[in-house]
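K.L.:
below are the sequence and a predicted model; questions follow.
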Amino acid sequence: MQQELLTGNEAVARGAFESGVGVGVGYPGTPSTEILESFVGYPGVYAEWAPNEKVALEVGFGASLAGTRVLVTMKHVGLNVAADPFMTMSYTGVNGGLVLITADDPGMYSSQNEQDNRFYARFAQVPMLEPGDSQEARDYIKKAYLISEQFDTPVLVRLTTRLSHTRTPVLPGENPSGPVRRDWERNIPKFVMLPGYARNRHLVVEERRMRLQEYAETSDLNEILWGDRSIGIISSGVVYNHAREALGDGASYLKPGCVYPLPLKLISEFARQVGRLIVVEELEPFLEDQIKTAGLAVAGKDLFPRVGELDPQLIERGVRGSSRFKSYFPVPDGLPGRPPIMCPGCPHRSVFYVLHKLKAIVTGDIGCYTLGAMPPFEAMDACLCMGASIGASLGMEKARGGDFARRTVAVIGDSTFVHSGITGLIDHIYNKSTGTVIILDNRTTAMTGHQDHPATGLTLGKQEAAKIDLAALVRALGVEHVRTVDPYDLRSLAGRPGGDGPGRGVGDHRQPCLRPDQRGDVLKRDDAYGSMHRLQEVPAAGVPGPLPGRRSGAQGRRSVQRLFGLRAGLSAGKGGGRR
């Protein structure tokens, strides 16, 4: 076999295929998305996008229960959504091996936080591996399935954005003969977590933790590299490579392949043979605190920041007080910033244009449309997590009353609505909200790279599937007024479903996302997605000329208010998904 240049995500997919994984399931989220997009291309495997990470892990549990090796993928905040089944799967264990990828995002390149998911391994008492390059990503995945089945446990593998999206050489192995499958046998005390059974399984978890601790001490994933013994570096993942680049032969290195449980005896022996012991890790002092608890003197976060990515410059400066390295991304003085903006012609633009004109109070959600908070619109006041916009708007209404609710709008995309917005809308209906919800409908999970979802009618493998009708769905939930809206038509957009009468309204904002290869044609053609002249008042729409009947100032704002009817209502359309 010849070496291939693979991203970390592609290498994970390759390792899973070589391990005989039969099922891959996840929810798209940067930096994990490309794992399943690569995996689905291998022969003899099944891969799917689930509606959210909780469902993905539950599907993975079922596949494992049936005896098939399974790969479950998600970004770091997705594990928060999947935490309910994940914590209990530590008790049930597995049948077929199950590996769960958590792709962390130090530096928050495309996330709402930079939580350190290594703590989930300790929380659930399951092993965690952390590869440092694409070759290790492929190798560690193969090892993870052996650990999973040997110790009857799900295994976490932690990636970070730097590893997921960096290409390094990989020597692939042989193609498997087919998916690895174990026999399925009914085992009620193991897999049915009634309290009586769960108490016994907790004892199993504790016994397994001790066996995993012994395994970690002698694992062939551990690596020691001797150099100058005056400094001993303990590091893992991509940061280990940064430390090697920064310090070279001027230090000795211990890289534990398993970051939980840590090989503390091996670390103690290493510490006795070096002078100054330093832990180099991104984000929280996860390794450092465990080593200190074991009674070893170690430096770490007193030298390095607890926020953002580390690089050779930061590491050398932290260890030696100065650095030979320059910043990877030097910014010339006086160069203006280039913050992200919505694409020219994006159907979301007109929505936020109208919300800006109305001076609405907007609770936002996760997706491309979160950029509605940026200039020139600045039409979003809060964004917390997937699906939170609807619940947050209800909370504001209940705290401040109906008059306040008339100014409050929740904005959510189609993929995000399917992910975790439906229950929030049910809460709106059940608890008699009079606020407005807009479901932006651009028929894709756009921000993560145009993945399909249950309302697009296509699967991960681009096969036709049942397509959720969002308008029919909200009708079934009890919304009285439903109206399809063209977001390119400002007057249509501004009209309130159901007029000025009481009751909830839904407007289905239907315009597909303008993918990069389509934008030029769409902006030139008048009939591509409706009458493009309607975009004339929206910034960067690309069509010059005045809006027919345009008014300015307070008169124009009152006109928009009358048209939009910012009262009890719900507007539906598509777009969204994890960034």
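P.N.:
Cool, got the structure. Numbers count the residues shown, from 1 in each chain.
K.L.:
grab the nearest non-local neighbour of Val59.
P.N.:
Nearest residue to Val59 in three dimensions, chain neighbours excluded: Val25, at 4.7 Å (C-beta to C-beta, 6 or more residues apart in numbering). C-beta: built from backbone N, CA, C; applies to glycine.
K.L.:
hang on, isn't the one you found packed against Glu58?
P.N.:
No: at 9.1 Å, Val25 and Glu58 do not qualify as touching, with contact defined as C-beta atoms under 8 Å.
K.L.:
and the two? Which one has more around it.
P.N.:
The residue with more neighbours, out of Val25 and Glu58 and counting by other C-beta atoms under 10 Å, is Val25; that gives 26 against 19.
K.L.:
quick one: pLDDT of the more buried one?
P.N.:
Per-residue confidence at Val25 stands at 98 (pLDDT).
K.L.:
after the host helix or strand of it, which helix or strand is next?
P.N.:
Under the assignment given by DSSP states H and E, the secondary-structure element containing Val25 is strand 23-26. On the C-terminal side of strand 23-26, the nearest following helix or strand under DSSP H and E is helix 34-39.
K.L.:
number of residues surrounding Pro127?
P.N.:
The number of residues packed around Pro127, counting by other C-beta under 10 Å, is 26.
K.L.:
to clarify, my last question referred to Gly178.
P.N.:
Based on other C-beta under 10 Å, the number of other residues close to Gly178 is 11.
K.L.:
now it. Nearest residue, chain neighbours left out?
P.N.:
Counting by C-beta to C-beta, 6+ apart, Gly178 lies nearest to Gly44, which is 5.6 Å off, once chain neighbours are set aside.
K.L.:
hmm, that neighbour is touching Arg181, no?
P.N.:
No: Gly44 sits out of contact with Arg181 when judged by C-beta under 8 Å, with a separation of 11.7 Å.
K.L.:
please verify my assumption that Gly67 contacts Asn187.
P.N.:
No: the criterion here is C-beta under 8 Å, and Gly67 misses it with Asn187 at 12.0 Å.
K.L.:
looking at these two, which has the bigger crowd around it?
P.N.:
Looking at Gly67 and Asn187 with other C-beta under 10 Å, you find the greater number of neighbours at Gly67, namely 18 against 12.
K.L.:
that one: what's it in contact with?
P.N.:
Gly67 is in contact with Asn95, Gly96, Arg181, Arg182, Asp183, Trp184, counting by C-beta atoms under 8 Å, 6 or more residues apart in numbering.
K.L.:
can you report how many residues neighbour the last one?
P.N.:
Which is Trp184. 12.
K.L.:
on the three-state scheme, it is what?
P.N.:
In the three-state summary, Trp184 is assigned as coil, counting by DSSP: H, G, I helix; E, B strand; the rest coil.
K.L.:
and the helices in the stretch 351-500 of the chain?
P.N.:
For the stretch 351-500 of the chain, helices defined by DSSP state H, counting those that start in this stretch occupy the ranges 388-400, 402-405, 414-416, 422-430, 470-477, 490-494.
K.L.:
mean confidence for stretch 357-371?
P.N.:
Across stretch 357-371, the average pLDDT comes to 90.
K.L.:
hey, C-alpha coordinates of the longest helix seen in the chain in PDB?
P.N.:
Counting by DSSP state H, the longest helix found in the chain is helix 195-218. What follows is helix 195-218 as a C-alpha-only set of coordinates in PDB (Å, rounded to 0.1, in the frame of the first residue of the first chain):
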ATOM      1  CA  PRO A 195     -32.800   0.800  38.900                       C
ATOM      2  CA  GLY A 196     -32.200  -2.800  40.200                       C
ATOM      3  CA  TYR A 197     -30.200  -3.800  37.100                       C
ATOM      4  CA  ALA A 198     -28.400  -0.400  36.900                       C
ATOM      5  CA  ARG A 199     -27.000  -0.700  40.400                       C
ATOM      6  CA  ASN A 200     -25.300  -3.900  39.500                       C
ATOM      7  CA  ARG A 201     -24.000  -2.400  36.200                       C
ATOM      8  CA  HIS A 202     -22.500   0.500  38.200                       C
ATOM      9  CA  LEU A 203     -20.400  -2.000  40.000                       C
ATOM     10  CA  VAL A 204     -19.300  -3.400  36.600                       C
ATOM     11  CA  VAL A 205     -18.300   0.100  35.500                       C
ATOM     12  CA  GLU A 206     -16.000   0.500  38.600                       C
ATOM     13  CA  GLU A 207     -14.400  -2.900  38.000                       C
ATOM     14  CA  ARG A 208     -13.900  -2.000  34.400                       C
ATOM     15  CA  ARG A 209     -12.300   1.300  35.300                       C
ATOM     16  CA  MET A 210      -9.600  -0.500  37.300                       C
ATOM     17  CA  ARG A 211      -8.900  -2.900  34.500                       C
ATOM     18  CA  LEU A 212      -8.700   0.000  32.000                       C
ATOM     19  CA  GLN A 213      -6.200   1.700  34.400                       C
ATOM     20  CA  GLU A 214      -3.900  -1.300  34.200                       C
ATOM     21  CA  TYR A 215      -4.300  -1.400  30.500                       C
ATOM     22  CA  ALA A 216      -3.400   2.200  30.100                       C
ATOM     23  CA  GLU A 217       0.000   1.700  31.900                       C
ATOM     24  CA  THR A 218       1.200  -0.800  29.300                       C
END
